[in-house]
Every structure is written in C-alpha cells, then in structure tokens.
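*Asks:* From the sequence below, what's the structure:
(chains A and B)
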Number of protein chains: 2
Amino acid sequence: MGLGVVGGGVATTLIDQSLSISQKIGLPVNLKKILVRDLNKPRDSNVPPGLITTNPEDILADPSIQIVVEVIGGTEPAAQYLKDALSSGKHVVTANKEAMAKYGPELFDLARQNRVNLLFEASVGGGIPIVGSLMSQLLANDIQSIRGIINGTTNYILTQMADQHSETDFHQALAEAQQQGFAEADPTNDVEGFDAVYKLSILASLAFHQRVSPDDIYRQGITNLQPQDFRYAQELGYAIKSLAVVTLEQGDIRARVYPALVPVEHMLAKVDGVYNAVEVTGSLCGQVLFHGRGAGRGPTTSAVMGDLIDIGRRLHINQPPIPVIESGHTLRVQSIDDLETQYYIRLNIADQPGVLAQISKILGDRSISIASVLQKDTFPDEQKAELVITTHPARDASVQEAMRLVAELDVVNQVSNMLRIEG
Amino acid sequence: MGLGVVGGGVATTLIDQSLSISQKIGLPVNLKKILVRDLNKPRDSNVPPGLITTNPEDILADPSIQIVVEVIGGTEPAAQYLKDALSSGKHVVTANKEAMAKYGPELFDLARQNRVNLLFEASVGGGIPIVGSLMSQLLANDIQSIRGIINGTTNYILTQMADQHSETDFHQALAEAQQQGFAEADPTNDVEGFDAVYKLSILASLAFHQRVSPDDIYRQGITNLQPQDFRYAQELGYAIKSLAVVTLEQGDIRARVYPALVPVEHMLAKVDGVYNAVEVTGSLCGQVLFHGRGAGRGPTTSAVMGDLIDIGRRLHINQPPIPVIESGHTLRVQSIDDLETQYYIRLNIADQPGVLAQISKILGDRSISIASVLQKDTFPDEQKAELVITTHPARDASVQEAMRLVAELDVVNQVSNMLRIEG
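*Replies:* The predicted structure is shown next:
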C-alpha cells in the first residue's frame, strides 16, 4: 500500500510506526514520498533523503500511491492538493480543519465521484475520537447540542488568567503561551476564535448531517477579557471558558464561538491548560464528554493513523468508501439574535446615585430581567465604580441593543464586557 | 432488513426509532420478533402483540431475520442464544458483558466462521463510545493503561457516602441506591465488583488484542468501606472510587477492580453519581477520557442502534464483517502481587506507647516506606485509637504480607482497611 505525505510534521512518526501500521492493516505500508516546502530545512535523521520532494506531482502522478496524508494545514496550497489527490482517485486523510470547514462540500463531492475515502479525525480535538464517534457510534442519536473547548491555545491562556489569582492580563498570558510554544507568533487565528469556528463547522456538519458553514457561526475572541472578569466570575460561581457551541432549538441550528461563563461544578469548567473537551448531548445517550489533548504531534498522529488503518483495512478487503456526510436535512442555521441565555455584564459607571435606575430601565424596557448586581472596585477619587450585572435568560439581540443604549448614558463610562452564561 | 430482538427492554425504543434507523442505513428495517420469557408481562402499548414470542426458534429459524439484538444479559440462556444466532449465520448486536467476558473467544470464532458481525458497544459504558473507539479511532496507539469507573451502582453509593459528610454507612447508602432503582435487590454483582470485572475483561481484551479473562482480574468489592475512610481520604486530598484498571508494565498486563484513593484534582475523582468514565492512555494520543451515562434504556439503545446502523450499512453494500479482536499478542497477564503502588492503611490500635514502632518495623523489614501517619479518633476510655498510614510505592504482595503480620500484633485490634492509591 503506497502512501504519500504532504507536510513533514508527522512523517517521522509515520516512518517509526510503519511496521505497526502494516501489522494492524494486514498489508505492508510503504511511505513513498514526503512533500515539503523547503528541501533544506533540518529534519529528524530517520527520514531517508530520497523520500523528500518539493514537487507535488511526485505524489499526485504516482499511481503506486493510493493514500495521501495531508498535515500542512491552511487553505492554499493544501486545499488544492486535497482536491487534486481526490480527483486522481487517491484516498485522503487530512488534519486540515480550515480546508474541511471551507471546502467540505466540494471535497466530499470529489470523494464520492472518485469512490475514495476522505477522513479527517485529526481536524478536531487532536487525539480525542470525536469525529469518528459522531460518524459512527453516536449516529443513532438526534444530536441536541455540542459544547466544546476545542482550542488549546485560548484554554491555556484563560487557565493562566484564572489561576494566577487574576493578576495576569491577557497580553501577559498570551506572551507566556507564546514562550511555552502553545501560541503562535501571530495568534489571531486562535485568540480571535477562527480556529474554533472551523472546528465547530466540522462538528456541527457531522452532528446535523448538513453543512454548517463557518460564515454561519457567531464569533467572539478572548482579547477583551480583563483580570477582574475572572475575579467576578469566580465570586459568582463560574469559570470563564472559550466555548464552541451548537444547539438545535425548535428545529433551528445556532452556532457560536465565544468566551462564556460556565458553572464551576460543570465538567467543562474543569478542563484546564491545553486540554480540549467536547460534550455531546444526544436524544438517547444523554451527555457524553470527551477529554484529551487537542493538539501536538502524538495526538495528531494517533488520529491520522487511526484513519489510515481504517482505509487500509478497507482497501485490503476491497470495501467501498465510508459514507460521507449526507445532506438529507435542511435545518435553518440561525444567527444568535434569538438565542435565549443568561448574561454577565461589566460596566464602568459614575459613582453617583440613580445610575442603576437608568440602566435597569433600559434593560426592563427590553424584557431583560436582572438576576444579580454587584458594585465593585469603587474608586472614590475618580468618582468611578465597576458594576457587574447578571441577567435571567433574555434574547441576545435585545441585550446587544440594550448595551448600545447603556453605553450612550452620561453616567456610564464604558460597557467593559458582555459575556454569555452557558450551562 | 429483518431484525429479531432477545429481551423486551429496548424493543419499544427500537420500534419508535425504526424509521430513523432505516433512514440512516438506507434500507427499511423490519422488527420481526421479540423473544421474551413471559408473554403476560405488561408491555408498552406500542409493541404489536404478534411480535412477541417465547420460542427462540421463531427468531433463530427465520431466514428473513438477518440481525439479532440481545439485551437480556447473564450467561444462560443468553449465551446459548448468541451462539445459536451466530451459528445460524445471523449478525449479532449484544449488550451482554458477562457473556462477552466469559465466552468472548468462542463467540468471536463463531462470528469468523460464519462471516457475520458480532458487535457489543453497549456491553461497556452504556452510551459512551469506548468499545468502538478502542476498535477503531484509537487503534494506532499502543495502549499503556485503562482506568475507569464502569459500574454506576457502586459509584452512586460511593458518591453518597462521600457527599453526606461521611455520616452514611455502606448499608444505608446501598438501601438508598436500591430505593432509587440504581441497585438491584441482590446487589452482589455490582458491590462485589463482578460486573466491573466483566467489563474490564472486554476493554482489556480490546486494548491488548488478546484475551484477558475475568479470572485473571483481581477483584475487591466496596462493602468494607467505612464512613471514616471517606473522611480520612478527603483530609489526605483523595476521593475514594471503585476503579477498574489495566496496565501494561514491562510487557506484562495487570488488571484489577478495587476501591482506590484518587487525587481529588484527577478527572476520575470528579465523576459522580451513576456516571461512568474511562481514561485511556495511549502511546500517541496521551490520556483521553470518556464520560457519560453508563446504563439505562437511552444509553443502551444509543449503543445498540449505533452497532445496528453499522451492520446495516455494511449489509447494504455487501461489506464483509468488521475484523474482530486479533490474537497476535501473547502478553502475560500477571497477578497484582508485583504491582507497585501507594497504599492507604487504617488500623484500630491500642492507644499506648510503642505501637507505631512495632508496626513500622514490620513495614520497614519488607521495604515498605511510610509516607504519612495520622493518629485519629482516639477513644481514651477504651484505650483505642485509629491509625491511618499512607506508604510510598511498595510491592503489593509485601504490603499484603505485612498486613497479615500487623494484624497479629497484640497492640493491633484490627486492620480495618487497606486501599490502593491510584494516579
């Protein structure tokens, strides 16, 4: 069985493991070519130099290569490689969440037309078998919701901010994550939620058997969080986690990625550091939670090799490809305007009488009922104070509108933060 | 596609879900017969009376029934039904942990010989997709250990004992579990660890690709736990959980089911009530934890239907059966004599000078080093005290021997408990 690999990252491990893979498949596996960008980049010593190439045709045009593994990520040139490989009748195993989220339907069509497998366990949750479980073991369930912590970088940063007695601000925590190798030099993709949006697009599409595009997912990054948000959240009995959530309510899908308050006793509140977790709620299974390492060479290789063994076993006995996402359902994917949830609102206000009355009126006029009020960190010299409000469940668009009006009040210096409460 | 069901439990749900199953498989599913013991038992109204039978031949001899679902549990007559169904060339989906653990090799042989599928996701962990994940997505890993809470009844009892400020003794907690329907009238199978042993036998066999028999698994029940054990454990920073553990150390497998102390910050310590959790440590994926409902009609149906859809899809496109457990490896399955772990020991001693010296000598002579000593609950009137010792890692057989000798000391009234510390 001939194998081509796009990307040097997991190639070493695949070479180390090739005997084990062959045994598990029941056929010898032959890693034939590794496509890289730079021939001269230093590599682990176990990679035979003859395997390395910079010419994609060395993989795509080689009829002895039946399976292509892609681990470079990003859209270009990766997505083109994926399309070309499928069009050439090669099975594909990919870790590429961005390409799967953006070009999923086109890639699935190509796989179907060419009667080849397209597997992508490594695209979400690293070594956590969430993709395969949704495609197979949990398939009997009508999925009601998925709530996950699926970006390790942001979870590491939020854990640091929460642990260090809330004295670390976002930029310090980010710098530390970068130093530890848990955040990239340009962290935008992670801290602004794009990475989690791609992954949630994949999970939601699997769960609801129809495409949920990244464009349909509400996105809010974590850059706006301040140390005091963690202090107040803790005082109120919550942790702050960047959640990826998709829910089915009254036949409509709603998907969002945002930092949210999670009750401290909830399992998701206990997911720390670079770990990922995904909680699936199904009509039959109830809540099932998966927890593990969401990134890194080992977990990625675990997922890629699992897919590889799956395809290899099928080839071995001439099985047809695994059925890909059906598109039977056509549920509407809604914005979060009509989402009903609780809110945490932090305001910087003038420390004078009557402020709360003005704010409550704006909220009350929009049927937003206040659950708790804390006035904190009063600075008498500056005649400023911090006001933390939590609400009972309210309509998202109403709360957003209320915050715009509250921000315009003379007695309000700033709407410092507005976070949803989940769970 | 014709379906026969052995056992009335999930039949209602299967009837309700048959349209959904048919859609997911792509073929109409036809539930033809439900085998029950008692025709006159009251049943949900949606079961057509013509489907019910007490004659197994109505399923086994019907050539239009291609798949048999077995959910009655226990060895006889269930195991015979399983053998007969496989021998008749019928695919089998079973929730029967006892039959799979005791007769697994024979059943797998029958499945192989008759070229049919034998799937058993529901046998361990209810709606948690642990069986399928070990058989597929995590297959690339060399498994290093599995640690799980896989008996909901004992976990419910232990959670009650821990939560109620350690004022509830085992018998009260058991009675309450029975009242809530979480424990059976004869609770032996659960509280003495047999149920967990069967399940661990299945998980270990999947993880290590060879049979791990229930007879090879060390078993200790939870009936010996006292309220003060929970108090002392908490004071030392541990929870008490009934764990099912299999580890691979220096090429040897060691498997055991016992109540153990788990550090409170460990994810397994946070698994409460009737929930189950399984933590798999693999060479590539690291630690992956699965958490969810381990029993009940919904979770069982989720797992059974997942297997059913899997088989149905394969039949639809004429796929050969899923490969069953290989028997390539032949690792030795060892007793826990050479297990090296830490211990928690609770002794009832005479409250007089020199006692600790005598105990320490016995431990020291067997290279068992003490990590902490607490002298608690002294009863001066009776001249008795309670001594709680934790040790550094020591050999299990040595600690067991030391406890026999300690029990014989004049100054020791009783070795009240000896628990392992895991994690």
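
*Asks:* hey, where'd the helices end up in chain A?
*Replies:* With DSSP state H as the criterion, chain A has helices at A:11-25, A:57-60, A:78-87, A:97-113, A:130-135, A:152-163, A:170-179, A:188-191, A:194-208, A:227-235, A:297-316, A:355-365, A:396-408.

*Asks:* could you redo those as TSV and give each row mean neighbour count, distance to chain B and mean pLDDT?
*Replies:* Bear in mind the C-beta positions are built from the backbone N, C-alpha and C, glycine included. Conversion of these to TSV gives the following (neighbours: other Cβ atoms under 10 Å in any protein chain shown; distance: least, Cβ to the nearest Cβ, whole Å; pLDDT from 0 to 100):
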stretch	mean neighbour count	distance to chain B	mean pLDDT
helix A:11-25	18	6	83
helix A:57-60	18	22	96
helix A:78-87	21	20	97
helix A:97-113	20	13	95
helix A:130-135	26	4	96
helix A:152-163	23	12	95
helix A:170-179	17	19	94
helix A:188-191	20	20	97
helix A:194-208	26	13	97
helix A:227-235	19	17	94
helix A:297-316	24	3	89
helix A:355-365	16	36	95
helix A:396-408	17	29	97
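
*Asks:* Between those, which one is closest to B:K361.
*Replies:* Nearest of the helices of chain A to B:K361, taken as Cβ to Cβ: helix A:152-163 at 43.7 Å.

*Asks:* tilt between that closest one and helix A:170-179?
*Replies:* Put simply, helix A:152-163 runs at 130 degrees to helix A:170-179, going by axes from the mean of the first three to the mean of the last three Cα atoms, to 10 degrees.

*Asks:* Domain map for chain A?
*Replies:* A:2-126+A:297-316, A:130-292, A:338-421 (automatic domain parsing).

*Asks:* Would you enumerate the residues in contact with the closest residue to A:I52 other than its chain neighbours?
*Replies:* With sequence-adjacent residues excluded and distances taken as Cβ to Cβ, 6 or more residues apart in numbering or on different chains, A:I52 is closest to A:I34, at 5.4 Å. When contacts are counted by Cβ atoms under 8 Å, 6 or more residues apart in numbering or on different chains, A:I34 touches A:4-5, A:7-8, A:11, A:47, A:51-53.

*Asks:* Just these: which are in strands?
*Replies:* Those of the contacts of A:I34 mapping onto strands are A:4-5, A:52-53, per DSSP state E.

*Asks:* hmm, back to that, so which of the helices of chain A comes closest to A:L419?
*Replies:* Among those, helix A:227-235 comes nearest to A:L419, with 7.3 Å by Cβ to Cβ.

*Asks:* just checking, what packs against the closest one?
*Replies:* Packing partners of helix A:227-235 (3 or more Cβ pairs under 8 Å, 6 or more residues apart in numbering or on different chains; DSSP states H and E): helix A:152-163, strand A:238-249, strand A:340-350, strand A:370-379.

*Asks:* rewinding a little: out of the contacts of A:I34, which two sit at the greatest distance?
*Replies:* Within the contacts of A:I34, two members stand farthest from each other by Cβ to Cβ: A:G4 and A:V47, at 14.0 Å.

*Asks:* out of those two, which sits in the more crowded spot?
*Replies:* Remark: of A:G4 and A:V47, A:G4 carries more neighbours, 26 against 17, as counted by other Cβ atoms under 10 Å in any protein chain shown.
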